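Engineer: kindly generate the corresponding structure for this input.
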Amino acid sequence: MIPAPGDGWTRLSPRKLLLDPVKAVGQAIIPVVVALVGISRSDTRFWPLVLPLVVLGPLLLGALPWLTTHYRLTATQIQVRSGLLTKRTSTAPLDRVRSVDLEASLLHRLLGLQKVQVGTGVDDDRITLDALAVADAHALRTTLLRRREAPPAALPEGVGVAGEASVPAPPPPPAPPLARIDWSWLRFAPFSLGRLVLLAGAVGVFSQVADELPIWNEETATSAWAWVTQFAIAAVVVVLAVGGLALWVAVSVAGYVLQWWGFRLVREHGALHLTSGLVTTRSITVEEAKVRGVAMTEPVLMRLVGGAELATLATGVEAGVTQVLPPCPRDVAVGVGESVLEVDGPLTGPLVEHGPRARRRSWFRQLRNALDVVALLAVAWWFLDLSWWWLGAVAAALLALGAAVGEASYRHLGHALGEQHLVAGSGTLARIRTVLETDGIIGWVLAQSWWQRRIGLADLTATTAAGTERVVVRDVRLDVAVALADRATPGLLAPFLDPART
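Structural biologist: Below is the predicted model:
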(Lines give C-alpha, C1' and ligand atoms only; values in the text may rest on other atoms or scores of the structure.)
Protein backbone atom coordinates (compact mmCIF):
# COMPACT_ATOMS: atom_id res chain seq x y z
CA MET A 1 0.00 0.00 0.00
CA ILE A 2 1.41 3.41 -0.90
CA PRO A 3 1.76 5.94 1.93
CA ALA A 4 -0.51 8.93 2.27
CA PRO A 5 0.93 12.47 2.24
CA GLY A 6 2.83 13.21 5.44
CA ASP A 7 2.96 9.55 6.49
CA GLY A 8 6.19 7.87 7.60
CA TRP A 9 8.74 6.09 5.49
CA THR A 10 7.72 2.82 3.85
CA ARG A 11 9.90 -0.05 2.66
CA LEU A 12 9.61 -1.68 -0.73
CA SER A 13 7.80 -4.99 -1.11
CA PRO A 14 9.24 -7.78 1.07
CA ARG A 15 9.41 -9.89 -2.09
CA LYS A 16 12.44 -7.80 -3.00
CA LEU A 17 14.29 -10.08 -0.55
CA LEU A 18 13.85 -12.79 -3.19
CA LEU A 19 14.44 -10.55 -6.19
CA ASP A 20 17.82 -9.03 -5.34
CA PRO A 21 19.59 -12.20 -4.14
CA VAL A 22 18.63 -13.98 -7.36
CA LYS A 23 19.92 -11.01 -9.38
CA ALA A 24 23.10 -10.92 -7.30
CA VAL A 25 23.69 -14.65 -7.85
CA GLY A 26 23.16 -14.20 -11.58
CA GLN A 27 25.68 -11.35 -11.73
CA ALA A 28 28.24 -13.22 -9.61
CA ILE A 29 27.92 -16.67 -11.14
CA ILE A 30 30.75 -16.31 -13.68
CA PRO A 31 33.44 -14.92 -11.33
CA VAL A 32 32.39 -17.43 -8.65
CA VAL A 33 32.73 -20.37 -11.05
CA VAL A 34 36.14 -19.10 -12.16
CA ALA A 35 37.26 -18.77 -8.53
CA LEU A 36 35.99 -22.25 -7.63
CA VAL A 37 37.78 -23.81 -10.59
CA GLY A 38 41.00 -22.08 -9.57
CA ILE A 39 40.68 -23.23 -5.96
CA SER A 40 39.85 -26.80 -6.96
CA ARG A 41 43.06 -26.94 -8.99
CA SER A 42 45.23 -25.58 -6.21
CA ASP A 43 44.06 -26.69 -2.79
CA THR A 44 40.76 -28.19 -1.62
CA ARG A 45 41.34 -27.27 2.04
CA PHE A 46 39.70 -23.88 1.42
CA TRP A 47 36.36 -25.36 0.32
CA PRO A 48 34.73 -25.28 3.81
CA LEU A 49 35.56 -21.57 4.01
CA VAL A 50 34.71 -20.64 0.44
CA LEU A 51 31.36 -22.39 0.04
CA PRO A 52 29.55 -20.42 2.80
CA LEU A 53 30.88 -17.17 1.34
CA VAL A 54 29.74 -18.20 -2.15
CA VAL A 55 26.23 -18.96 -0.89
CA LEU A 56 25.74 -16.32 1.78
CA GLY A 57 27.60 -13.44 0.10
CA PRO A 58 25.13 -12.84 -2.76
CA LEU A 59 22.19 -13.37 -0.40
CA LEU A 60 23.48 -10.75 2.03
CA LEU A 61 24.35 -8.24 -0.69
CA GLY A 62 20.96 -8.81 -2.28
CA ALA A 63 19.11 -8.19 0.97
CA LEU A 64 20.83 -4.88 1.75
CA PRO A 65 18.82 -2.76 -0.75
CA TRP A 66 15.52 -3.80 0.85
CA LEU A 67 16.82 -3.08 4.33
CA THR A 68 18.17 0.36 3.41
CA THR A 69 15.61 1.71 0.92
CA HIS A 70 12.48 3.64 2.03
CA TYR A 71 10.10 5.98 0.29
CA ARG A 72 7.17 8.24 1.11
CA LEU A 73 4.76 10.78 -0.30
CA THR A 74 4.40 14.16 1.35
CA ALA A 75 1.91 16.86 0.42
CA THR A 76 4.34 18.23 -2.16
CA GLN A 77 7.05 15.64 -2.83
CA ILE A 78 7.92 12.02 -3.43
CA GLN A 79 11.04 11.08 -1.49
CA VAL A 80 13.30 8.03 -1.67
CA ARG A 81 16.02 7.32 0.90
CA SER A 82 18.68 4.66 0.31
CA GLY A 83 22.22 3.66 1.19
CA LEU A 84 23.97 1.94 4.10
CA LEU A 85 27.21 3.84 4.71
CA THR A 86 26.50 6.72 2.35
CA LYS A 87 22.93 7.89 2.82
CA ARG A 88 21.18 9.36 -0.22
CA THR A 89 17.78 11.04 -0.36
CA SER A 90 16.17 11.72 -3.75
CA THR A 91 13.19 14.05 -3.95
CA ALA A 92 10.89 15.21 -6.71
CA PRO A 93 8.19 17.88 -6.40
CA LEU A 94 4.86 16.37 -7.37
CA ASP A 95 4.05 19.24 -9.72
CA ARG A 96 7.33 18.51 -11.58
CA VAL A 97 6.56 14.86 -12.27
CA ARG A 98 6.60 14.43 -16.04
CA SER A 99 6.49 10.66 -16.47
CA VAL A 100 5.86 7.55 -14.42
CA ASP A 101 7.07 4.40 -16.20
CA LEU A 102 6.50 0.82 -15.10
CA GLU A 103 8.71 -2.09 -16.08
CA ALA A 104 8.73 -5.75 -15.10
CA SER A 105 11.31 -8.34 -16.09
CA LEU A 106 10.41 -12.03 -16.11
CA LEU A 107 11.70 -12.36 -12.55
CA HIS A 108 9.65 -9.33 -11.47
CA ARG A 109 6.54 -10.87 -13.00
CA LEU A 110 7.08 -14.24 -11.34
CA LEU A 111 7.26 -12.45 -7.98
CA GLY A 112 4.31 -10.14 -8.72
CA LEU A 113 6.49 -7.00 -8.71
CA GLN A 114 7.07 -3.97 -10.91
CA LYS A 115 9.77 -1.33 -11.15
CA VAL A 116 8.60 2.28 -11.02
CA GLN A 117 10.65 5.08 -12.61
CA VAL A 118 9.61 8.70 -12.00
CA GLY A 119 10.92 11.34 -14.39
CA THR A 120 10.91 15.07 -13.65
CA GLY A 121 12.33 16.47 -16.87
CA VAL A 122 15.71 17.32 -15.33
CA ASP A 123 18.25 15.72 -17.67
CA ASP A 124 18.02 11.93 -17.33
CA ASP A 125 17.74 11.82 -13.51
CA ARG A 126 14.94 9.52 -12.44
CA ILE A 127 13.65 8.28 -9.11
CA THR A 128 13.50 4.49 -9.19
CA LEU A 129 11.60 2.11 -6.92
CA ASP A 130 12.82 -1.29 -8.02
CA ALA A 131 10.26 -3.58 -6.38
CA LEU A 132 6.66 -2.63 -5.63
CA ALA A 133 3.70 -4.97 -5.70
CA VAL A 134 1.81 -4.68 -8.97
CA ALA A 135 -1.25 -3.10 -7.35
CA ASP A 136 0.88 -0.62 -5.40
CA ALA A 137 2.90 0.31 -8.49
CA HIS A 138 -0.23 1.08 -10.49
CA ALA A 139 -1.76 2.97 -7.56
CA LEU A 140 1.39 5.06 -7.15
CA ARG A 141 1.48 5.82 -10.88
CA THR A 142 -2.16 6.91 -10.89
CA THR A 143 -1.68 9.01 -7.76
CA LEU A 144 1.39 10.80 -9.08
CA LEU A 145 -0.18 11.58 -12.43
CA ARG A 146 -3.37 12.86 -10.82
CA ARG A 147 -1.51 14.86 -8.16
CA ARG A 148 0.35 16.57 -11.00
CA GLU A 149 -2.98 17.85 -12.32
CA ALA A 150 -4.93 18.40 -9.11
CA PRO A 151 -4.30 20.23 -5.80
CA PRO A 152 -3.63 18.11 -2.70
CA ALA A 153 -7.25 18.38 -1.58
CA ALA A 154 -8.36 16.60 -4.74
CA LEU A 155 -6.52 13.35 -4.05
CA PRO A 156 -8.32 10.24 -5.30
CA GLU A 157 -10.17 8.30 -2.65
CA GLY A 158 -8.57 5.10 -1.55
CA VAL A 159 -5.02 6.39 -1.04
CA GLY A 160 -4.62 5.45 2.61
CA VAL A 161 -1.94 5.22 5.26
CA ALA A 162 0.61 2.48 4.69
CA GLY A 163 -0.39 -0.69 6.49
CA GLU A 164 -4.08 0.31 6.89
CA ALA A 165 -7.06 -0.74 4.85
CA SER A 166 -8.42 1.77 2.38
CA VAL A 167 -11.44 1.97 0.12
CA PRO A 168 -10.31 1.69 -3.50
CA ALA A 169 -11.47 4.43 -5.81
CA PRO A 170 -13.67 3.32 -8.70
CA PRO A 171 -11.49 2.70 -11.75
CA PRO A 172 -11.85 5.30 -14.51
CA PRO A 173 -13.34 4.16 -17.81
CA PRO A 174 -10.67 2.77 -20.15
CA ALA A 175 -9.36 5.31 -22.63
CA PRO A 176 -9.85 4.52 -26.32
CA PRO A 177 -6.52 3.42 -27.83
CA LEU A 178 -4.70 5.51 -30.39
CA ALA A 179 -3.16 2.26 -31.64
CA ARG A 180 -2.94 -1.37 -30.64
CA ILE A 181 -1.00 -4.33 -31.97
CA ASP A 182 -2.12 -5.83 -35.25
CA TRP A 183 -0.30 -9.09 -35.92
CA SER A 184 -0.44 -8.50 -39.65
CA TRP A 185 2.34 -5.98 -38.91
CA LEU A 186 4.70 -8.91 -38.40
CA ARG A 187 5.40 -8.69 -42.11
CA PHE A 188 7.48 -5.58 -41.42
CA ALA A 189 9.77 -7.29 -38.87
CA PRO A 190 12.27 -8.79 -41.37
CA PHE A 191 12.62 -5.41 -43.10
CA SER A 192 13.78 -3.66 -39.91
CA LEU A 193 17.53 -4.15 -39.43
CA GLY A 194 17.63 -2.96 -35.82
CA ARG A 195 18.11 -6.52 -34.50
CA LEU A 196 20.87 -7.31 -36.98
CA VAL A 197 23.30 -6.01 -34.35
CA LEU A 198 22.12 -8.68 -31.89
CA LEU A 199 22.57 -11.42 -34.48
CA ALA A 200 26.05 -10.15 -35.35
CA GLY A 201 26.92 -10.07 -31.64
CA ALA A 202 25.76 -13.66 -31.22
CA VAL A 203 27.90 -14.75 -34.18
CA GLY A 204 30.86 -12.89 -32.67
CA VAL A 205 30.44 -14.60 -29.30
CA PHE A 206 30.17 -18.00 -31.00
CA SER A 207 33.32 -17.34 -33.01
CA GLN A 208 35.18 -16.57 -29.75
CA VAL A 209 34.22 -19.84 -28.08
CA ALA A 210 34.05 -22.10 -31.15
CA ASP A 211 37.72 -23.04 -30.88
CA GLU A 212 37.16 -24.33 -27.35
CA LEU A 213 34.30 -26.65 -28.29
CA PRO A 214 35.31 -30.32 -28.10
CA ILE A 215 33.63 -31.08 -31.43
CA TRP A 216 35.59 -28.38 -33.25
CA ASN A 217 39.22 -28.93 -34.20
CA GLU A 218 41.39 -28.82 -37.29
CA GLU A 219 40.54 -32.35 -38.35
CA THR A 220 36.81 -31.73 -37.98
CA ALA A 221 37.04 -28.50 -39.97
CA THR A 222 39.04 -30.16 -42.76
CA SER A 223 36.62 -33.07 -43.10
CA ALA A 224 33.61 -30.73 -43.00
CA TRP A 225 35.09 -28.57 -45.77
CA ALA A 226 35.89 -31.66 -47.85
CA TRP A 227 32.29 -32.82 -47.45
CA VAL A 228 30.92 -29.41 -48.49
CA THR A 229 33.13 -29.19 -51.57
CA GLN A 230 31.65 -32.43 -52.88
CA PHE A 231 28.63 -30.38 -53.92
CA ALA A 232 28.40 -27.62 -56.49
CA ILE A 233 29.58 -24.29 -55.08
CA ALA A 234 26.46 -22.59 -56.43
CA ALA A 235 24.24 -25.03 -54.52
CA VAL A 236 26.24 -24.44 -51.36
CA VAL A 237 25.87 -20.67 -51.75
CA VAL A 238 22.11 -21.02 -52.30
CA VAL A 239 21.71 -23.24 -49.25
CA LEU A 240 23.72 -20.85 -47.07
CA ALA A 241 21.76 -17.85 -48.35
CA VAL A 242 18.41 -19.54 -47.74
CA GLY A 243 19.52 -20.71 -44.31
CA GLY A 244 20.78 -17.25 -43.37
CA LEU A 245 17.56 -15.64 -44.58
CA ALA A 246 15.44 -18.13 -42.62
CA LEU A 247 17.52 -17.47 -39.50
CA TRP A 248 17.13 -13.70 -39.91
CA VAL A 249 13.35 -13.99 -40.39
CA ALA A 250 13.07 -16.15 -37.26
CA VAL A 251 15.21 -13.77 -35.16
CA SER A 252 13.45 -10.61 -36.35
CA VAL A 253 9.94 -12.01 -35.91
CA ALA A 254 10.76 -13.43 -32.47
CA GLY A 255 12.26 -10.11 -31.40
CA TYR A 256 9.21 -8.22 -32.69
CA VAL A 257 6.86 -10.49 -30.72
CA LEU A 258 8.91 -10.24 -27.52
CA GLN A 259 9.12 -6.44 -27.67
CA TRP A 260 5.65 -5.50 -28.91
CA TRP A 261 3.40 -8.21 -27.45
CA GLY A 262 0.23 -6.60 -26.08
CA PHE A 263 1.17 -3.19 -27.51
CA ARG A 264 -1.35 -0.48 -26.70
CA LEU A 265 -1.05 3.31 -26.97
CA VAL A 266 -3.68 5.44 -25.22
CA ARG A 267 -4.25 8.97 -23.96
CA GLU A 268 -4.90 9.27 -20.23
CA HIS A 269 -4.29 11.87 -17.53
CA GLY A 270 -3.02 14.28 -20.17
CA ALA A 271 -0.29 11.87 -21.26
CA LEU A 272 0.49 9.22 -23.84
CA HIS A 273 0.63 5.81 -22.17
CA LEU A 274 2.36 2.93 -23.97
CA THR A 275 2.33 -0.68 -22.76
CA SER A 276 4.04 -3.64 -24.44
CA GLY A 277 6.29 -6.63 -23.86
CA LEU A 278 6.00 -10.39 -23.52
CA VAL A 279 8.84 -11.41 -21.20
CA THR A 280 9.76 -7.94 -19.94
CA THR A 281 6.70 -5.70 -19.81
CA ARG A 282 7.00 -1.92 -20.20
CA SER A 283 4.58 0.84 -19.27
CA ILE A 284 5.87 4.21 -20.52
CA THR A 285 4.23 7.59 -19.92
CA VAL A 286 4.97 10.72 -21.95
CA GLU A 287 3.25 13.92 -20.84
CA GLU A 288 1.55 15.47 -23.88
CA ALA A 289 2.26 19.01 -22.69
CA LYS A 290 5.96 18.16 -23.02
CA VAL A 291 5.70 16.60 -26.48
CA ARG A 292 7.20 19.10 -28.91
CA GLY A 293 7.03 17.06 -32.09
CA VAL A 294 7.33 13.70 -33.77
CA ALA A 295 9.77 11.95 -36.09
CA MET A 296 8.60 9.44 -38.70
CA THR A 297 11.32 7.15 -40.05
CA GLU A 298 11.00 5.00 -43.17
CA PRO A 299 14.05 2.68 -43.38
CA VAL A 300 15.13 1.83 -46.90
CA LEU A 301 13.95 -1.80 -46.83
CA MET A 302 10.76 -1.07 -44.91
CA ARG A 303 9.89 1.67 -47.37
CA LEU A 304 9.71 -0.98 -50.11
CA VAL A 305 6.78 -2.64 -48.31
CA GLY A 306 5.09 0.58 -47.14
CA GLY A 307 6.23 0.52 -43.52
CA ALA A 308 7.35 3.22 -41.09
CA GLU A 309 8.21 3.89 -37.44
CA LEU A 310 7.11 6.79 -35.23
CA ALA A 311 8.75 8.46 -32.23
CA THR A 312 7.84 11.46 -30.10
CA LEU A 313 10.20 14.34 -29.29
CA ALA A 314 9.63 15.44 -25.72
CA THR A 315 11.27 17.00 -22.70
CA GLY A 316 11.51 15.18 -19.40
CA VAL A 317 11.97 11.67 -20.83
CA GLU A 318 15.12 9.60 -21.07
CA ALA A 319 17.09 10.45 -24.25
CA GLY A 320 14.22 12.74 -25.31
CA VAL A 321 13.01 10.35 -28.02
CA THR A 322 10.39 7.67 -27.33
CA GLN A 323 9.37 5.16 -29.99
CA VAL A 324 5.59 4.98 -29.67
CA LEU A 325 4.82 2.63 -32.57
CA PRO A 326 6.39 -0.63 -33.72
CA PRO A 327 7.21 -1.03 -37.41
CA CYS A 328 3.77 -0.67 -38.95
CA PRO A 329 2.00 0.54 -42.13
CA ARG A 330 2.91 4.09 -43.08
CA ASP A 331 -0.71 5.30 -42.95
CA VAL A 332 -0.96 4.09 -39.33
CA ALA A 333 2.20 6.01 -38.41
CA VAL A 334 0.87 9.12 -40.16
CA GLY A 335 -2.52 8.84 -38.42
CA VAL A 336 -1.06 8.42 -34.95
CA GLY A 337 1.56 11.12 -35.53
CA GLU A 338 -1.00 13.68 -36.65
CA SER A 339 -3.26 12.71 -33.74
CA VAL A 340 -0.38 13.45 -31.35
CA LEU A 341 0.34 16.74 -33.13
CA GLU A 342 -3.39 17.53 -33.30
CA VAL A 343 -2.94 18.91 -36.81
CA ASP A 344 -3.19 17.36 -40.27
CA GLY A 345 -0.59 17.57 -42.99
CA PRO A 346 2.94 17.90 -41.52
CA LEU A 347 3.78 14.23 -42.13
CA THR A 348 2.31 14.06 -45.63
CA GLY A 349 2.47 17.57 -47.08
CA PRO A 350 4.98 18.57 -49.78
CA LEU A 351 8.39 19.91 -48.80
CA VAL A 352 10.27 22.82 -50.33
CA GLU A 353 13.10 21.41 -52.45
CA HIS A 354 16.63 22.65 -51.83
CA GLY A 355 17.59 22.99 -55.48
CA PRO A 356 20.36 21.80 -57.82
CA ARG A 357 23.21 23.02 -55.62
CA ALA A 358 22.01 20.82 -52.77
CA ARG A 359 21.73 17.91 -55.20
CA ARG A 360 25.31 18.40 -56.38
CA ARG A 361 26.49 18.52 -52.77
CA SER A 362 24.65 15.29 -51.91
CA TRP A 363 26.21 13.58 -54.92
CA PHE A 364 29.66 14.94 -54.12
CA ARG A 365 29.50 13.78 -50.51
CA GLN A 366 28.62 10.19 -51.44
CA LEU A 367 30.99 9.97 -54.41
CA ARG A 368 33.84 11.23 -52.21
CA ASN A 369 33.10 8.43 -49.74
CA ALA A 370 33.14 5.92 -52.59
CA LEU A 371 36.46 7.26 -53.87
CA ASP A 372 37.95 6.93 -50.38
CA VAL A 373 37.01 3.25 -50.36
CA VAL A 374 38.39 2.78 -53.87
CA ALA A 375 41.71 4.33 -52.81
CA LEU A 376 42.00 1.92 -49.87
CA LEU A 377 41.16 -1.01 -52.14
CA ALA A 378 43.79 0.12 -54.66
CA VAL A 379 46.46 -0.01 -51.95
CA ALA A 380 45.34 -3.51 -50.97
CA TRP A 381 45.29 -4.58 -54.65
CA TRP A 382 48.84 -3.31 -55.10
CA PHE A 383 50.15 -5.21 -52.08
CA LEU A 384 48.33 -8.42 -53.04
CA ASP A 385 49.24 -8.08 -56.73
CA LEU A 386 45.71 -8.85 -57.92
CA SER A 387 44.15 -8.23 -61.32
CA TRP A 388 43.35 -4.55 -61.87
CA TRP A 389 40.32 -5.47 -63.95
CA TRP A 390 38.58 -6.58 -60.78
CA LEU A 391 39.46 -3.33 -59.06
CA GLY A 392 38.02 -1.38 -62.00
CA ALA A 393 34.78 -3.34 -61.79
CA VAL A 394 34.52 -2.83 -58.03
CA ALA A 395 35.30 0.88 -58.39
CA ALA A 396 32.61 1.30 -61.05
CA ALA A 397 30.07 -0.48 -58.83
CA LEU A 398 30.99 1.65 -55.81
CA LEU A 399 30.73 4.91 -57.78
CA ALA A 400 27.35 3.88 -59.20
CA LEU A 401 26.16 3.02 -55.68
CA GLY A 402 27.48 6.34 -54.39
CA ALA A 403 25.59 8.23 -57.10
CA ALA A 404 22.38 6.35 -56.26
CA VAL A 405 22.76 7.03 -52.53
CA GLY A 406 23.55 10.69 -53.25
CA GLU A 407 20.38 11.07 -55.28
CA ALA A 408 18.34 9.34 -52.58
CA SER A 409 19.75 11.57 -49.84
CA TYR A 410 18.90 14.65 -51.91
CA ARG A 411 15.33 13.48 -52.49
CA HIS A 412 14.92 13.13 -48.73
CA LEU A 413 15.94 16.76 -48.17
CA GLY A 414 13.35 19.48 -47.82
CA HIS A 415 11.55 21.71 -45.38
CA ALA A 416 8.18 23.27 -44.71
CA LEU A 417 6.76 25.75 -42.23
CA GLY A 418 3.18 25.58 -41.03
CA GLU A 419 1.30 27.76 -38.62
CA GLN A 420 2.66 25.87 -35.61
CA HIS A 421 5.31 23.44 -36.87
CA LEU A 422 8.67 23.33 -38.60
CA VAL A 423 9.09 20.27 -40.83
CA ALA A 424 12.53 18.99 -41.86
CA GLY A 425 13.26 16.14 -44.26
CA SER A 426 16.55 14.26 -43.95
CA GLY A 427 18.19 10.86 -44.15
CA THR A 428 20.65 9.07 -46.41
CA LEU A 429 19.10 5.66 -46.95
CA ALA A 430 16.26 5.96 -44.44
CA ARG A 431 13.76 8.74 -45.10
CA ILE A 432 13.15 10.81 -41.96
CA ARG A 433 10.58 13.53 -41.52
CA THR A 434 10.87 15.50 -38.29
CA VAL A 435 8.08 17.82 -37.13
CA LEU A 436 8.86 20.33 -34.36
CA GLU A 437 6.55 22.86 -32.74
CA THR A 438 7.78 26.38 -33.38
CA ASP A 439 6.95 27.20 -29.74
CA GLY A 440 9.56 24.63 -28.75
CA ILE A 441 12.38 26.38 -30.66
CA ILE A 442 14.70 28.19 -28.26
CA GLY A 443 17.41 29.29 -30.67
CA TRP A 444 19.03 28.94 -34.09
CA VAL A 445 22.48 27.91 -35.30
CA LEU A 446 23.56 28.72 -38.85
CA ALA A 447 26.66 26.78 -39.94
CA GLN A 448 28.58 26.71 -43.24
CA SER A 449 31.48 24.50 -44.17
CA TRP A 450 34.12 25.70 -46.62
CA TRP A 451 32.37 23.88 -49.48
CA GLN A 452 28.97 25.22 -48.45
CA ARG A 453 30.24 28.81 -48.43
CA ARG A 454 31.50 28.45 -51.99
CA ILE A 455 28.07 27.43 -53.29
CA GLY A 456 25.88 29.53 -50.99
CA LEU A 457 24.38 26.75 -48.84
CA ALA A 458 24.10 26.38 -45.07
CA ASP A 459 22.88 24.00 -42.37
CA LEU A 460 20.12 25.60 -40.27
CA THR A 461 19.74 24.06 -36.81
CA ALA A 462 16.71 24.72 -34.62
CA THR A 463 17.75 24.16 -31.00
CA THR A 464 15.15 22.81 -28.60
CA ALA A 465 14.90 21.14 -25.21
CA ALA A 466 13.05 18.18 -26.72
CA GLY A 467 14.25 15.07 -28.47
CA THR A 468 17.92 15.16 -29.46
CA GLU A 469 17.85 18.92 -28.74
CA ARG A 470 18.27 19.86 -32.38
CA VAL A 471 16.43 19.67 -35.70
CA VAL A 472 18.61 20.33 -38.75
CA VAL A 473 17.54 21.65 -42.14
CA ARG A 474 20.53 20.64 -44.25
CA ASP A 475 21.98 22.20 -47.38
CA VAL A 476 19.49 25.03 -47.75
CA ARG A 477 20.27 28.33 -49.48
CA LEU A 478 21.61 30.91 -47.02
CA ASP A 479 18.94 33.52 -47.74
CA VAL A 480 16.20 30.89 -47.48
CA ALA A 481 17.62 29.65 -44.15
CA VAL A 482 17.62 33.14 -42.62
CA ALA A 483 14.09 33.87 -43.87
CA LEU A 484 12.85 30.49 -42.60
CA ALA A 485 14.25 31.08 -39.11
CA ASP A 486 12.78 34.59 -38.99
CA ARG A 487 9.31 33.39 -40.02
CA ALA A 488 9.34 30.43 -37.62
CA THR A 489 10.20 32.57 -34.58
CA PRO A 490 9.18 36.17 -35.35
CA GLY A 491 11.30 38.71 -33.50
CA LEU A 492 13.98 36.29 -32.33
CA LEU A 493 16.38 37.27 -35.11
CA ALA A 494 15.29 40.88 -35.37
CA PRO A 495 18.43 42.32 -33.71
CA PHE A 496 20.54 40.54 -36.32
CA LEU A 497 18.39 41.44 -39.34
CA ASP A 498 17.64 45.09 -38.64
CA PRO A 499 20.79 47.21 -39.19
CA ALA A 500 19.36 49.98 -37.01
CA ARG A 501 19.39 47.62 -34.00
CA THR A 502 22.88 46.19 -34.45
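Engineer: beta partners of His421?
Structural biologist: Applying DSSP bridges to His421 gives these bridge partners: Glu437.
Engineer: surely it and Val343 touch.
Structural biologist: Yes: using C-beta atoms under 8 Å, His421 is in contact with Val343, at 6.9 Å. Where you see a C-beta, it was placed from the backbone N, CA and C, and this is true even at glycine.
Engineer: neighbour-wise, which of these two wins?
Structural biologist: Remark: of His421 and Val343, His421 carries more neighbours, 23 against 15, as counted by other C-beta atoms under 10 Å.
Engineer: show me what contacts that one?
Structural biologist: Counting by C-beta atoms under 8 Å, 6 or more residues apart in numbering, His421 touches Gly293, Leu341, Val343, Pro346, Val435, Leu436, Glu437, Thr438.
Engineer: which of those residues are buried, as a ChimeraX select command?
Structural biologist: To isolate the buried subset of these in ChimeraX, counting by 16 or more other C-beta atoms under 10 Å, use the following:
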select :293,341,346,435,436,437,438
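Engineer: in what helix or strand does Gly8 lie?
Structural biologist: Using DSSP states H and E, Gly8 is not contained in any helix or strand.
Engineer: repeat that for Arg454.
Structural biologist: Using DSSP H and E, Arg454 sits within helix 450-455.
Engineer: where does the protein dip in pLDDT?
Structural biologist: For the chain, the stretches flagged by pLDDT under 70 are 1-7, 24-59, 61-62, 121-124, 148-175, 195-222, 224-233, 496-502.
Engineer: let me see the domain layout of it.
Structural biologist: 10-93+136-166, 355-410, 413-502 (automatic domain parsing).
Engineer: so Trp444 touches Asp486, yeah?
Structural biologist: No: the pair Trp444 / Asp486 is not scored as a contact, 9.2 Å apart, by C-beta under 8 Å.
Engineer: higher neighbour count, these two?
Structural biologist: Comparing Trp444 with Asp486 by neighbour count (other C-beta under 10 Å), the higher total belongs to Trp444, at 19 against 16.
Engineer: specify the local secondary structure of the nearest residue to the more buried one once chain neighbours are set aside.
Structural biologist: Once flanking residues are discounted, Trp444 sits nearest to Ala485: 4.7 Å by C-beta to C-beta, 6 or more residues apart in numbering. Look at Ala485: counting by DSSP: H, G, I helix; E, B strand; the rest coil, its state is helix.
Engineer: Leu377 against Val394, yeah?
Structural biologist: Yes: taking contacts as C-beta under 8 Å, Leu377 lies within contact range of Val394: 6.3 Å.
Engineer: mind listing what's buried along stretch 257-265?
Structural biologist: Across stretch 257-265, burial judged by 16+ other C-beta under 10 Å covers Gln259, Trp260, Phe263, Arg264, Leu265.
Engineer: from those residues, which land in helices?
Structural biologist: Gln259, Trp260 (DSSP state H).
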